[in-house]
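In: here are the coordinates; sequence isn't available:
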């Protein structure tokens, strides 16, 4: 589900604007490597680990696993799960396949036709291409559809709603256009796709069509397949539209595992299933519909790259959309392999990548899966030499990620109590390509992953991954290019870290290579072995480089004497988030005032074109002043605590060596649970599954993160009571972290 | 030549970012109306003037004048000149037609064909449309071409250069692409068109094709003709590519009038004529050429709206471009009508609009011309009632504006000495449509034109033009929406004010209605009566509104006892320009440092895609510190002088009535020549025809203004000696203005 380049963009955007340079933290704080290891010995072990990695394995496994459609419930998905499990077993892991029975609707009827002003029936098909071997494999193939669309049979005029996010509807309202009783047509992009039908339904639309516009995803981006990697005119982006920002996972079993005998909602009652029919289409199918539309010309930023003038409607294009699904439980197979630690077997370091794809899924997710497998194999090789991790390392291949993170979410929900006790950290990967190592995740691990990125070299450029990324930030003029630790992005939703971080409070990372291979195969049949090996990472050298990086993260977490959680960078980031929110409050206060002045002075009407329909905005309730001091105080306290921990740790190790025995275990127990302290059991408003007070996916962005979400969405939704409530909740969370940290310091 | 909406955009852009709010000027300074008039009587006269204005006249005259092609040298251009002259005569003006013999090349051969990888011959034709009556008129029609292209017969591979401005070539250089010996293909936009072949030639290209991309000018903007107003696929934008930023007017007679017996350069020696062949084409003709290109994909911002992937080349598209012109002198006819003043006959207020078009030219220029004519008729009606202006009012219809401001420039050059003595101000119009009253010009008249804009009402909205514009600025969030005087834009080049302002130092204004009628008929055969009356100003009410506005400006300038030049706003603007330049110097100093650091650290190479050609930038000479204090001192002094003038004028009038007799005449003589004090006889570097120290069109923007141009272009071109020289020259100019103003104050 995850789009590697989206995440990279997010992380670069953050580098550019949302992350602070380090405030002075204690000089010469000890590195996480030196705090936990004999650095020389550890580096030697890692070189040995590297020596086992072989790109040919990645190629062979990808070719096999992506040879047939392997969505959850398909025979090949089960086969892949068994294939992965057999490998884990072979490499020395205690392996089992954990199963969950989850809802996945599959289409029985898909019909989209324009009935007026002319007739046209959408093809909804991706043709066979000579250059792409698997494009001719038809057995078990899922057609283009959006999972968890409603059944429906509707006919109505079209309204073009741009990306279909709330801000777009405000613009439509200004022009007097209402989608009530209409079918909206939205282009992909601007938000996670599930937001589009959700907002459309909230606004009264009775159907939703989502198309890939060649401006965002097609010939305007680059040469199209098979000449180049970009989306060709018949390419369809499948994908889930389940209401994931409410809760991910099986829609029928919110908050608990979808195991035998679990209580299941009726699918008609499940709150995350869409209430209207939704269908994704190619730009070849979209063009006739859009071309027949009339009404006002779409605003400049709404116009795509089809060779037509984009109009808003409504109509005269009138379409008939008919969708029927088979609503059935399917079995998700999660192969899980454990290398039990010899010193702290009940401290778990987990790596995961999903194995299900929408069709052949070579890039998404097999490219990441095979990198994980090669990492697991190399760890197995190390074990064969007599080495063994101190902590337990777990490798998982998740099923049913694509429909909405079902495999990982059910697993986390089912094991939540145990995970809460035992999990040190979860490290996710997903589709990966080539270029730079993008990392997002818990900022308590920011310093740690920066150290790792410094120690892995780019396979083609004579520099470390860190040096290349820093060079790129310098060239892009990022003001954080000089920061000792390059900022990592915050995590929203979009891949399997979601239940770990947002529901269970487990420190998480998401890692992948990207930025130097564009493409448009995402969720189409053309996400194939042929496409991947021509355009994405032809030699699999970057796949191996990812394994070197995630392998180091895993090995160090599993073997260190002192877990590498550090808090000064975390305080930097949260301070910046709080600053942004204060500024945001000022901004909406001033915008509200400005709007009300304009209404009072009749300026909107005076400025409007006298011959065009224009509906002036109305007056808004004014924005009160908020007291952010609880957060400021908590941050000040946490900064002191974080600095004291750095000083104590550094001095302690310099003087007396690393903590060990009970002392070390007690310290590590506190550190590994620090993310748990950031959770609020009651969760966020309108979605109690999401419990993290620092990060959440946006209610109306989907993938995109909202930091300090309770406060931020309170401001966005103009719910002033929530703003005040969550200022307190965030401050309390920060104080809990400081409490824990002070206890940790006192152990040193 | 002038694009109304471009000018409006420029003026709004300035409102948004380049113009300062007024610094405190003396409280309750007297209005320019009250300073010069019995306000009540003057308003009554203006109401009477309004009552004569009749939109039917505009319609009738436009229909007649735009019925046949009327470029300079055509029979219908002569006919139109005589038609205008006859009207002026009939309305009571002393009228003559002043003639100049100027060079206008007309094509004999136009051939553009792709010879490889496939064959294609460009049509270069605009088809007849049933909905557009004049589109079938073929006699005397100029085909699509760029005036002052070189003759040429060249065959070479294509390189796509985006807008073809210098910054675009830097991006090509980074990718290792050289245009030497190639033919460049550039899209219209981003600069005045003449910049494109000039830069291409400087970079070694042997030919230049310019096309209208539907992203900027076609279906992406709105419905295309004849369904809507925008450019259809065969529409061609004609236009001049003479090197106007060097000098406008007849290329053969730089700096003096092209009259009988004048010394003329050989056209092969004329420095403003392009050295390579240039041809404008439609997007229908461009698509096959662009589609056949290969090489790197163009950067995102370079991609247009054709349904293809844009590549940079070179080739494999190889084209054969053959152009031959008839290089002949043609006669330009400028009808000029004078209403001699009864009190100050040797103080002239001049209005002008060109009458030549590229083909039928209904919008450009006839829409402005007929508004000017109706204004002149109404002034004539006033005279018939016994009123007569104190100063001489002159109305002119310029010929040969399209090829490069030839009619007006030759006239100004020929009469320069007399104009310098007698001209109070020049007020230009050109093509006009509907919406808001956009004004650019000399900032010494900013307060004055704001007062005028307050007194004219929008014909469709119940508000003054000033109120509507202010409302729009409020809605757009302009920080100048609250400024008492809304900022007016600075003038670059692009219409007939150019020789008056930039060469002769005459205070100038450019006025037009726009912002609520988009379109793409510009310089095509479809700039027709049918197009104008369907889409631009169907009722001609906005044309009448423009006449009310320019009429007030003219009447007040002609009749006031105290000319309405005021200097506090001027100081505000120049202070802002100086501030921008100081910031710009800091910016390029820091960018230079940053670039040199990146080169030293090898960051460009490390950040580059390892499999793509990339040429790193080189180190640049560092940017010295500049001493801006001469300008700061001169501005401080001028602010004091400006404030003292305001106080003296206000007090004087409040106490003793308005100046009169010799006192008034001496005062007005100083005021009307204040713009002359801003000139430097030696002109600007590399173009001594442009003599204004505050404003100039950019050497590499063409239409777009560069303020404090000697300094700004010194910084841009990294000529540090010029920066220092022009800091002194600007300061000297400002001191001359202050000297004059102090003399004026001493008269009060």
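Out: Happy to help now that I have it. Predicted model only: the values in this text are computed from it and were never measured.
In: Tell me if residue A:294 really is in a strand.
Out: No: looking at residue A:294 with DSSP: H, G, I helix; E, B strand; the rest coil, it is coil, so not inside a strand.
In: what sits against it?
Out: A:311, A:313, A:315-316 (C-beta atoms under 8 Å, 6 or more residues apart in numbering or on different chains). Any C-beta I mention is one placed from the backbone N, CA and C, and that applies to glycine too.
In: same question, residue A:30
Out: Residue A:30 neighbours (C-beta under 8 Å, 6+ apart): A:649-650, A:653-654.
In: ok, so of those, who is nearest residue B:348?
Out: residue A:650 (83.1 Å; C-beta to C-beta).
In: Count the neighbours of that closest one for me.
Out: The number of residues packed around residue A:650, counting by other C-beta atoms under 10 Å in any protein chain shown, is 19.
In: mind listing what residue A:531 touches?
Out: Residue A:531 touches A:132, A:225, A:229, A:362-363, A:519, A:521, counting by C-beta under 8 Å, 6+ apart.
In: export those residues to CSV and tack on neighbour count?
Out: Listed next are the contacts of residue A:531 as CSV, based on neighbours: other C-beta atoms under 10 Å in any protein chain shown:
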residue, neighbour count
A:132, 21
A:225, 26
A:229, 23
A:362, 27
A:363, 32
A:519, 24
A:521, 29
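In: The closest residue to residue A:678 other than its chain neighbours in helix, strand or coil?
Out: Using C-beta to C-beta, 6 or more residues apart in numbering or on different chains and skipping residues adjacent in sequence, the residue nearest residue A:678 is residue A:733, 4.8 Å away. Following three-state DSSP, the label given to residue A:733 is helix.
In: What residues does the stretch 251-400 of chain A have near chain B?
Out: A:297, A:303, A:305-309 (C-beta under 8 Å from any C-beta of the partner chain).
In: who wins for neighbours among those residues?
Out: That'd be residue A:306 among those, by other C-beta under 10 Å, with 26 neighbours.
In: List buried residues within the contacts of residue A:30.
Out: Burial by neighbour count, 16 or more other C-beta atoms under 10 Å in any protein chain shown: within the contacts of residue A:30 this picks out A:649-650, A:653.
In: Could you pick out the one among those with the lowest pLDDT?
Out: Lowest pLDDT of the buried ones among the contacts of residue A:30: residue A:653, 87.
In: Buried residues in the helix or strand it falls within, which are they?
Out: Element membership for residue A:653 (DSSP states H and E) is helix A:629-656. Buried residues in helix A:629-656, counted by 16+ other C-beta under 10 Å: A:630-632, A:634-635, A:637-639, A:641-650, A:652-653.
In: How about residues contacting the following helix or strand past that helix?
Out: Downstream of helix A:629-656, the first helix or strand assigned by DSSP H and E is helix A:661-672. Contacts with helix A:661-672, where a contact means C-beta under 8 Å, 6+ apart, come from A:344, A:347, A:423-425, A:507, A:561-563, A:565, A:658-659, A:740-741, A:743-744, A:747-748.
In: In contact with residue A:594, which residues?
Out: B:474, B:477.
In: Validate this expectation: it resides in a helix.
Out: Yes: using three-state DSSP, the assignment for residue A:594 is a helix.
In: any idea of the pLDDT on residue A:479?
Out: 89.
In: Tell me how many other residues crowd it.
Out: Neighbour tally, residue A:479, other C-beta under 10 Å: 13.
In: tell me which element it falls in.
Out: If you go by DSSP H and E, residue A:479 is not part of any helix or strand.
In: per-domain residue ranges of chain A.
Out: A:4-16+A:61-102+A:329-559, A:106-327, A:568-747 (automatic domain parsing).
In: okay, those in a markdown table with distance to residue B:409 next?
Out: Converted to a markdown table, these look like this (distance: least, C-beta to C-beta, whole Å):
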| stretch | distance to residue B:409 |
| --- | --- |
| domain A:4-16+A:61-102+A:329-559 | 43 |
| domain A:106-327 | 36 |
| domain A:568-747 | 37 |
